[in-house]
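Peer 1: Quick one, what's the 3D model for this:
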Amino acid sequence: MNWKLFIARRIYRIKEKEDDKSVSKPAVRIAMAGIAIGLAVMIVSVAVVIGFKHEVRDKVIGVGADMVVTSLDEAQTYQAAPVVGDDSLMAVLRAVPNVSRVQRYATKPGMIMTSDNFQGIVLKGIAQEYDTTFLHRHLLEGRIPLFTDSVSSNQVLISKTIADRLQIGVGDKLDTYYLEDNIRARRLKVAGIYQTNFSSYDDLFLLTDLRTVVRLNNWEQGQVGGLEMQVSDYALLDATHERVLSCLDGKSDRYGGKYYAQSIEQVYPQIFAWLDLLDVNVWVILILMTGVAGFTMISGLLIIILERTNMIGVLKALGADNTSVRKIFLSFAFFLIRKGMLWGNVVALSCCAVQYFFRVIKLDPAVYYIDAVPVELNVWVWLLLNVGTLVVSVLMLVGPSYLISRIHPARSIRFE
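Peer 2: As a prediction, the model looks like this:
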């Protein structure tokens, strides 16, 4: 039997049963509390940041796409320029590995006017291949019509922001106006109301069929504003983007327009730069909490060593070397760390579960794009945090444990 581990367990069990007069008992409790609080804060922080990044990213992709193919002229001049989005091009893009969907779209800036108000808008036309999963998830009222590229439905989806601002609802008719060589008007009927909480989208975009927008733009047969692409694995987005660029390199449509592809991170660089900054905050929290947990354990271990000086002297007098005695106290510290980590996990997982199911802590969607703090707990990250906390905490105790080598048997046996 490992006698060092046996003694460590005996000390640990005695500590749990000691009365409140023990000098080291408060220190032990503080050390365990430090471990528990530090680990709980780390788990909750990482879960919130991972959930926030994924939810904001998914929302940005939902209102757009993982990649978008447009005219090179539009990318350089920021003016609407159509490209041909025919079946042959869509087949080429679908054949790119990791591309799961290709869908056409077109946009037209305009204005809604009512009897007492007006609102600038962007009318976005979509075709039958468009993935409406995101729209169904954020639909508040009404329904999503069957949009196509062949028939003008004159039906439109509007955001709750615009509906509230103009005091309109499902079934109402909108008078919209578009500026060309002369002003063009189009009356549209509200089929449904959505709300994404992505303000730059909700404040502007109305959704209708592709045919309506193409006609308003006076484009030629087959021309669209661009093609949106979804990928199967977001981690391979950059590699997929490079493949799409190579497929489109030097290609022009039959009207002379050149194709150009951008990833969602290039379309919204400010949002993804902001999300990347959150990783820095997480590392700061991890370092601070690990330091707090480690130093509370160091203080607790030193107090325990001083309180057990007499026992250390007896063990040395019986022939135990410094390494063996150090192992006893490191094993004892391991038991304390383990218990503190258990409580830390209980607290962290409980907080995450409450927030996940009940969404107790709310956010301002105008600032954060979401209405509640999201949590997403990755099993591998959770395991890594636990293992990392255990290893770092034990390693931080190795140095202070060398204090045992300074204790002499003759003097320590008389120590009171």
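Peer 1: Leaving out the residues flanking it, which one is nearest to Arg243?
Peer 2: Ranked by C-beta to C-beta, 6 or more residues apart in numbering and with sequence neighbours excluded, the top spatial neighbour of Arg243 is Val96, at 5.1 Å. Any C-beta I mention is one placed from the backbone N, CA and C, and that applies to glycine too.
Peer 1: wait, what's in contact with that neighbour?
Peer 2: Val96 sits next to Thr240, Arg243, Val244, Cys247 when contact means C-beta atoms under 8 Å, 6 or more residues apart in numbering.
Peer 1: where exactly do the strands run in the stretch 201-350 of the chain?
Peer 2: 205-209, 223-224, 226-231, 259-263 (DSSP state E, counting those that start in this stretch).
Peer 1: Specify the stretch among these that is closest to Phe357.
Peer 2: Closest to Phe357 of those is strand 226-231 (C-beta to C-beta; 29.1 Å).
Peer 1: Report how many residues lie close to Trp380.
Peer 2: 7 (other C-beta atoms under 10 Å).
Peer 1: any idea how far it lies from Gly125?
Peer 2: Going from Trp380 to Gly125 by C-beta to C-beta, to the nearest Å gives 42 Å.
Peer 1: same check, this time on Tyr177
Peer 2: 17 Å.
Peer 1: Over to Met229?
Peer 2: Met229 sits 17 Å away from Gly125, taking C-beta to C-beta as the criterion.
Peer 1: got it, and Thr114?
Peer 2: 22 Å.
Peer 1: And those two? Which one has more around it.
Peer 2: Gly125 (28 against 14).
Peer 1: Contacts only, for the closest residue to the more buried one other than its chain neighbours.
Peer 2: Once flanking residues are discounted, Gly125 sits nearest to Val213: 3.1 Å by C-beta to C-beta, 6+ apart. The contact partners of Val213, taken as C-beta under 8 Å, 6+ apart, are Ala106, Thr107, Lys108, Leu123, Lys124, Gly125, Gly225.
Peer 1: Narrow those residues to those that are buried.
Peer 2: Buried members of these, scored by 16 or more other C-beta atoms under 10 Å, are Ala106, Thr107, Lys108, Leu123, Lys124, Gly125, Gly225.
Peer 1: Going by distance to Lys339, which of the residues you listed wins?
Peer 2: Once C-beta to C-beta is applied, the member of the buried ones among the contacts of Val213 that ends up nearest Lys339 is Lys124, at 56.9 Å.
Peer 1: Confirm that the closest one sits in a helix.
Peer 2: No - Lys124: not assigned to a helix; according to DSSP: H, G, I helix; E, B strand; the rest coil it is strand.
Peer 1: ok, it to Ser159 distance?
Peer 2: From Lys124 over to Ser159 the distance is 12 Å, taken as C-beta to C-beta.
Peer 1: same check, this time on Arg254
Peer 2: In this view, Arg254 and Ser159 are 36 Å apart by C-beta to C-beta.
Peer 1: just the angle between the strand or helix carrying Gly120 and strand 226-231, please?
Peer 2: Using DSSP states H and E, Gly120 sits within strand 118-126. Relative orientation of strand 118-126 versus strand 226-231 (axes from the mean of the first three to the mean of the last three C-alpha atoms, to 10 degrees): 60 degrees.
Peer 1: For whichever helix or strand comes after strand 118-126, list every residue counted as buried.
Peer 2: Where DSSP H and E defines the elements, the next helix or strand beyond strand 118-126 is helix 133-137. Residues of helix 133-137 classed as buried by neighbour count (16+ other C-beta under 10 Å): Phe134, Leu135.
Peer 1: likewise stretch 211-223?
Peer 2: Arg211, Thr212, Val213, Val214, Leu216, Asn217, Trp219, Gly222, Gln223.
Peer 1: Understood, closing this out.
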